[in-house]
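K.L.:
please find the sequence and the predicted model below.
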Amino acid sequence: RMQRYLLRIQDHMMVSTGKSHIFVDSQGSWDPPNVDELIKKMTSSTVEVGNKSIFLQRLTILPCKVKLSVAPAQALTKYQETFEGEEAAAIHAAVRKGDILVGEGSGGLGVKIGGKNRTALAVMQGMLKSILVDALIRCDGASLNFDGVALFNQLSNGQQLATYLGAHYLASLIANVPSLIGSLAAFGNPVGLMRGVGEGVSDFVNEPVKGFKKSIEEMDPTFVVSGVARGAGSLGRHTVGGFAGSAAMLTETAAKNMAVLTLDRKYAQKRDRLMKLKANGGKGVNIVRGFESGVQKLVQGILEGVKGVVSKPIRGAERNGFEGFAKGIGKGLLGLLVKPVIGTTDFLTDTLIGVKGAVESTDSESYLNVHNQIRPRRALYGRDRVIRPYRIDDASAATIQARSCLGGEEYYAHVDMVKKVALMSVNRLLILSEDGEEVLRLHFQQMKKVEVENRDGSCFLVVYLNDPKHDGTDTEEVKCEDEELAKLLCEKLMKVITAI
């Protein structure tokens, strides 16, 4: 409105006085300002970083909510290092050791790659850093809320705009610090626990009210009873599942920190390979499966502790003589004390995860969410469930794998073989026919090598086994319709076999 008012004043002055306006009390004269041109210059200014003026008629940045989860660092196996790549594996190892650099390099946070702890003091510092870093960065479902920005008719430069936006989002981040700290796994994620219990209490109040309203409309009292049952069930699920999940985080944190104290990298690798229930988020897990996994880890911890008393001194003596023998005795005795305790805490963790999974599996909302999906769920690759750009074929293959005998194993890759499909998890190969029947199922550790052969005008994928079968043969053959697809599958399988 102000712009139109000024333009009308200019038009009136131009019409009444011509090209210029003369002061009555002076001899001087001036040309009236070209308001239209000035407005066009301001509105046509582009945003550039620097001292150049910027006119923003309207700038709107919507509020956003970020849900953050940070998984614990794991000791990578040779297979995992090949899958992740050399650089990513080095960074992963540095984070696991706690080699975090604050304020180094071009960014505010970095890692020290290739560092080694050569003295007893450096080893102790490394252990403390690893425990501290794990406690500070590992969180589960932390909600970060950032307020929106709305600017109207603002005139400033790029530096001022960047300073304003930086201060705005820094203030929002500081406001989210309590929520971030409350979501740390080292504290048992109390924020997530309160959120879950709050949802249960809300359902406990709202569901009976909804049932009462429905009963009045339909003149049927059974809706009230159904609403009370749904509300009580939701409160029970959220309460029991929340407390079980929180307790599982505490015991898992304790076990992980004690595993660092053992100074045994191979033991850490074995333990990380057994951490399957937590990697799957407890989905599809019940009390029986959780108890079974916990007992397995308890027995494994006791056996590892007893075995280390004998193996560590021998291995140390082979490498460094008497000095290595003495260090081996220390490591063995330390493992004998700590590893059974780790096994006990792992047993409690998996049992609690089983309780949580059994309780949450009865939630009808999870069933509805699965069957109301518009597209197949994104595939997560490898043991660490790496996120890659969405591919509909990988998503469909991962969905099929989840419903097959490979269900519960992490997805790796697949090959569409025209009339068959080859599904590869991180552990096994499964080939299904177009009718969904199982053609071949093998563990990667059973495979020696894979070749493509042409016989009688047909193409065959030949898998050579490490151990002969009951009938004495040491190969498995699958007929393929397309030779190029067979070679592609052969290449992927050989890559996995070589990495194991």
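P.N.:
Yes, it's here.

K.L.:
so which bits of stretch 223-239 are buried?
P.N.:
223-224, 226-227, 230-231, 233-235, 237-239 (16 or more other Cβ atoms under 10 Å). Where you see a C-beta, it was placed from the backbone N, CA and C, and this is true even at glycine.

K.L.:
and it, how far out from the chain middle?
P.N.:
32 Å (Cα atoms, centre = their mean, to the nearest Å).

K.L.:
who are the contact partners of the residue nearest to residue 417 when sequence neighbours are not counted?
P.N.:
Nearest residue to residue 417, sequence neighbours excluded (Cβ to Cβ, 6 or more residues apart in numbering): residue 485, at 5.1 Å. Neighbouring residues of residue 485 by Cβ atoms under 8 Å, 6 or more residues apart in numbering: 415-418.

K.L.:
now the buried residues of stretch 223-239 as JSON lines including pLDDT, secondary structure and distance to residue 379?
P.N.:
Listed next are the buried residues of stretch 223-239 as JSON lines, based on pLDDT from 0 to 100; DSSP: H, G, I helix; E, B strand; the rest coil; distance: Cβ to Cβ, whole Å:
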{"residue": "223", "pLDDT": "83", "secondary structure": "helix", "distance to residue 379": "41"}
{"residue": "224", "pLDDT": "85", "secondary structure": "helix", "distance to residue 379": "44"}
{"residue": "226", "pLDDT": "87", "secondary structure": "helix", "distance to residue 379": "38"}
{"residue": "227", "pLDDT": "87", "secondary structure": "helix", "distance to residue 379": "39"}
{"residue": "230", "pLDDT": "87", "secondary structure": "helix", "distance to residue 379": "34"}
{"residue": "231", "pLDDT": "88", "secondary structure": "helix", "distance to residue 379": "36"}
{"residue": "233", "pLDDT": "87", "secondary structure": "helix", "distance to residue 379": "33"}
{"residue": "234", "pLDDT": "87", "secondary structure": "helix", "distance to residue 379": "31"}
{"residue": "235", "pLDDT": "88", "secondary structure": "helix", "distance to residue 379": "35"}
{"residue": "237", "pLDDT": "86", "secondary structure": "helix", "distance to residue 379": "29"}
{"residue": "238", "pLDDT": "87", "secondary structure": "helix", "distance to residue 379": "29"}
{"residue": "239", "pLDDT": "89", "secondary structure": "helix", "distance to residue 379": "33"}
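
K.L.:
so the residue nearest to residue 417 is in which element?
P.N.:
Secondary structure from DSSP states H and E places residue 485 in helix 483-499.

K.L.:
also residue 209?
P.N.:
Per DSSP H and E: helix 190-218 holds residue 209.

K.L.:
pull out the buried positions in that helix.
P.N.:
So helix 190-218, judged by 16+ other Cβ under 10 Å, has buried residues 191-193, 195-197, 200, 203-204, 207-208, 210-211, 215.

K.L.:
for that helix, name the packing helices and strands.
P.N.:
Here helix 190-218 touches helix 177-182, helix 222-261, going by 3 or more Cβ pairs under 8 Å, 6 or more residues apart in numbering; DSSP states H and E.

K.L.:
mind giving me the packing neighbours of the first one?
P.N.:
When contacts are defined as 3+ Cβ pairs under 8 Å, 6+ apart, helix 177-182 packs onto strand 142-146, helix 190-218.

K.L.:
what angle do the last one and strand 142-146 make?
P.N.:
Spelled out, it's helix 190-218. 80 degrees (axes from the mean of the first three to the mean of the last three Cα atoms, to 10 degrees).

K.L.:
what about helix 190-218, average pLDDT?
P.N.:
The pLDDT scores in helix 190-218 average 87.

K.L.:
now do it and helix 222-261, the angle between them.
P.N.:
Counting by the same axes, to 10 degrees, helix 190-218 lies at 170 degrees to helix 222-261.

K.L.:
and the strand or helix carrying residue 351, what does it pack onto?
P.N.:
Using DSSP H and E, residue 351 sits within helix 287-360. When contacts are defined as 3+ Cβ pairs under 8 Å, 6+ apart, helix 287-360 packs onto helix 222-261, helix 265-273, helix 276-279.

K.L.:
closest to residue 378 out of those helices?
P.N.:
Ranking the helices and strands packed on helix 287-360 by proximity to residue 378 (Cβ to Cβ) places helix 276-279 first, at 16.1 Å.

K.L.:
could you give the mean pLDDT of that closest one?
P.N.:
On average, helix 276-279 scores 51.

K.L.:
ok so, going back, can you lay out the helices and strands packed on helix 287-360 as a markdown table showing distance to residue 352?
P.N.:
Putting these into a markdown table (distance: least, Cβ to Cβ, whole Å) gives the following:
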| stretch | distance to residue 352 |
| --- | --- |
| helix 222-261 | 4 |
| helix 265-273 | 17 |
| helix 276-279 | 10 |
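
K.L.:
right, and those helices - which one's nearest residue 89?
P.N.:
helix 265-273 (12.7 Å).

K.L.:
quick check: mean pLDDT of that closest one?
P.N.:
Per-residue pLDDT over helix 265-273 has a mean of 69.

K.L.:
got it, and stretch 417-430?
P.N.:
Confidence for stretch 417-430, expressed as mean pLDDT, is 90.

K.L.:
measure it end to end?
P.N.:
End-to-end distance of stretch 417-430 (Cα to Cα, to the nearest Å): 12 Å.

K.L.:
so where's the stretch 401-500 of the chain uncertain?
P.N.:
Applying pLDDT under 70 to the stretch 401-500 of the chain flags the ranges 500.

K.L.:
which parts of stretch 480-494 are buried?
P.N.:
Quick answer for stretch 480-494 (16+ other Cβ under 10 Å): 480, 485-486, 488-490, 492-493.

K.L.:
check stretch 381-395 too.
P.N.:
381-384, 394-395.

K.L.:
could you tell me how many residues sit around residue 422?
P.N.:
The tally of other residues near residue 422 (other Cβ atoms under 10 Å) stands at 25.

K.L.:
list the beta-bridge partners for it.
P.N.:
Counting by DSSP bridges, residue 422 forms beta bridges with residue 415, residue 431.

K.L.:
let me see the contact set for it.
P.N.:
So residue 422 contacts 414-415, 429-431, 489 (Cβ under 8 Å, 6+ apart).

K.L.:
for these, which one is nearest residue 326?
P.N.:
Using Cβ to Cβ, those come closest to residue 326 at residue 429, 46.4 Å.

K.L.:
distance from the host helix or strand of the closest one to the middle of the chain?
P.N.:
Per DSSP H and E, residue 429 falls inside strand 428-433. Strand 428-433 sits 27 Å away from the centroid of its parent chain (Cα atoms, centre = their mean).

K.L.:
rewinding a little: which among the contacts of residue 485 count as buried?
P.N.:
Among these, those classed as buried by 16+ other Cβ under 10 Å are 415, 417.

K.L.:
quick check: the farthest pair among the contacts of residue 485?
P.N.:
Largest pairwise distance in those, by Cβ to Cβ, is 10.2 Å, between 415 and 418.

K.L.:
show me the strands in the stretch 351-500 of the chain, by range?
P.N.:
411-416, 420-425, 428-433, 438-443, 447-455, 458-465, 475-480 (DSSP state E, counting those that start in this stretch).

K.L.:
CSV please, covering those and showing distance to residue 67.
P.N.:
Conversion of the strands of the stretch 351-500 of the chain to CSV gives the following (distance: least, Cβ to Cβ, whole Å):
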stretch, distance to residue 67
strand 411-416, 22
strand 420-425, 27
strand 428-433, 32
strand 438-443, 36
strand 447-455, 40
strand 458-465, 42
strand 475-480, 43
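
K.L.:
just those: most buried one?
P.N.:
With neighbours taken as mean count of other Cβ atoms under 10 Å, the strands of the stretch 351-500 of the chain reach their highest mean count in strand 420-425, at a mean of 23.

K.L.:
circling back to that earlier point, taking the buried residues of stretch 381-395 one by one, which sit in helices?
P.N.:
394-395 (DSSP state H).
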